[in-house]
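Asker: Give me the fold of what follows.
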Amino acid sequence: MAAALLAFAATACGEPPDAGEPAAAPADEEATVQDAGASDADIEYREITGSWSDELHAACGPALEEALGTRDLVAGVLAGIADAEGRAEAEIEDATHWLERGNAKLAEVRPALERGTCDADVEIALEETWQFYVKAGTSAVQASQIAGG
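Answerer: Below is the predicted model:
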């Protein structure tokens, strides 16, 4: 189950935009952050990394992008669970717990990222953030299967 979520996350985060999608506006335009086709992860990534150098993008960009994309996938799975009978309550609570831990870790490291810091501590924090989201995703997928949704 987790492997399927990870494969989906890797694919979703790494796909190029469709040819039919509008080209991105210059970074200095407010509209860039509000692109209609952009995911929450894409928008937040641009907000955090807007002033980053190419070197910083190469160093911390992939880990940040993966964490944000995985978070959004997990949130989508959780939002799609219809469990009126409460059969998946424990799994939903577990997924929510890990999602919140990931969000807290991301909030902790975000100021450093916004300052353009990408040291070993930031890299470890991004890895931990992603791991929390993967744990959340595993529980969310289990909850979805149990709930039948």
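
Asker: Which is the succeeding secondary structure element to the helix or strand of the chain with the lowest mean pLDDT?
Answerer: Least confident helix or strand of the chain, by mean pLDDT, DSSP states H and E, is helix 2-14 with a mean of 44. Using DSSP states H and E, the helix or strand that follows helix 2-14 in sequence is helix 40-49.

Asker: now that following helix, how far from the chain's geometric center?
Answerer: Helix 40-49 has its average C-alpha position 10 Å from the chain's average C-alpha position, going by C-alpha atoms, centre = their mean, to the nearest Å.

Asker: Okay, buried residues for that helix please.
Answerer: 41, 42, 44, 45, 48, 49 (16 or more other C-beta atoms under 10 Å). (C-beta placed from N, C-alpha, C; glycine too.)

Asker: Remind me what that helix packs against, helices and strands.
Answerer: If contacts are counted by 3 or more C-beta pairs under 8 Å, 6 or more residues apart in numbering; DSSP states H and E, helix 40-49 sits against helix 54-79, helix 89-114.

Asker: what angle sits between it and helix 89-114?
Answerer: Put simply, helix 40-49 runs at 30 degrees to helix 89-114, going by axes from the mean of the first three to the mean of the last three C-alpha atoms, to 10 degrees.

Asker: Point out where this structure drops to low pLDDT.
Answerer: Scanning the chain for pLDDT under 70 picks out 1-36, 149.

Asker: Could you rerun that using 50?
Answerer: Flagging of the chain using pLDDT under 50 yields the residue ranges 1-4, 6-33.

Asker: hmm, back to that, for the helices and strands packed on helix 40-49, which one ends up most surrounded?
Answerer: Comparing the helices and strands packed on helix 40-49 by mean neighbour count (mean count of other C-beta atoms under 10 Å), helix 54-79 comes out on top with a mean of 19.
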